[in-house]
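Asker: The sequence and its predicted three-dimensional model are supplied below.
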Amino acid sequence: MSMKIKVCGMSQASNIEALVKLGPDFIGLIFYPKSKRFVGNQISGEIDTLIPSFIKRVGVFVNESFDELIEKVKLNNLDIVQLHGDESADYCARLKSLGVSCIKAFGISADFDFAAITPYENACDYLLFDTSSELRGGTGMKFDWKKLNEYQGTKSFFLSGGINPGDVESIKSLNHPRLFAVDVNSGFELEAGVKDIKKLESFILQLRG
């Protein structure tokens, strides 16, 4: 199975239109007001029509109230929500019970204990491993990918955190049985929320090649 690709932190219609032509599997839209890539509470009608149904739209949230999150899922036609805060396993399970797919993000540091993930295994659809940070993602920093060997769980995960155009061979050499997708953001940006399409095109071709 080829590696799935998520491009996160998109905010401009023309940039999204160019990205769609590259056929990523997921496009991430950030609904966290403190993010430099905040897309607003509701995406524009133009952006809405530009994202085809075969590309999953992922809404990124941080400690959003449950009712507000459900409202934004409907308002923005989101396929998946990505939770980057301190959301509990119960929060994820509630989403699942309503038929909302969920990715739960974890910040990985040198002393991260993967046992913390166990309660989430049955409550969400995917995990996401990012570099531990107060910024809740988009740091441009990598964590030590050797740490992934400690993850022995059953849930597939997205690899995130500081991935850049030169990382293709390193990603291909990881060989973790649960590595499902890579999540790229700041390593491919011209400015916050605007991606370098040429760099993305080359990266996607190499990763899928």
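Answerer: Structure received.

Asker: which residue packs closest to the residue nearest the centre of the chain, ignoring adjacent ones?
Answerer: Against the mean C-alpha coordinate of the chain, by C-alpha atoms, centre = their mean, the closest residue is residue 183 at 5.2 Å. In space, not counting the residues next to it along the chain, residue 183 is nearest to residue 160; the distance is 3.9 Å by C-beta to C-beta, 6 or more residues apart in numbering. Glycine gets a C-beta too; all of them are placed from N, C-alpha and C.

Asker: close enough to count as contact, that neighbour and residue 132?
Answerer: No - distance between residue 160 and residue 132: 11.5 Å, which falls outside the contact criterion (C-beta atoms under 8 Å).

Asker: what about those two, which has more around it?
Answerer: residue 160 (30 against 17; other C-beta atoms under 10 Å).

Asker: For the residue nearest to the centre of the chain, grab phi and psi.
Answerer: phi -120, psi 110 (degrees, to the nearest 10).

Asker: Low-confidence bits of the chain, can you list those?
Answerer: Counting by pLDDT under 70, the ranges of the chain that qualify are 1, 135-139.

Asker: hey, where'd the strands end up in the protein?
Answerer: 4-7, 26-30, 56-61, 80-83, 101-108, 126-131, 157-159, 179-184, 189-191, 194-195 (DSSP state E).

Asker: What residues of the first one count as buried?
Answerer: In terms of neighbour count (16 or more other C-beta atoms under 10 Å), strand 4-7 has its buried residues at 4, 5, 6, 7.

Asker: Fine by me, we can end here.
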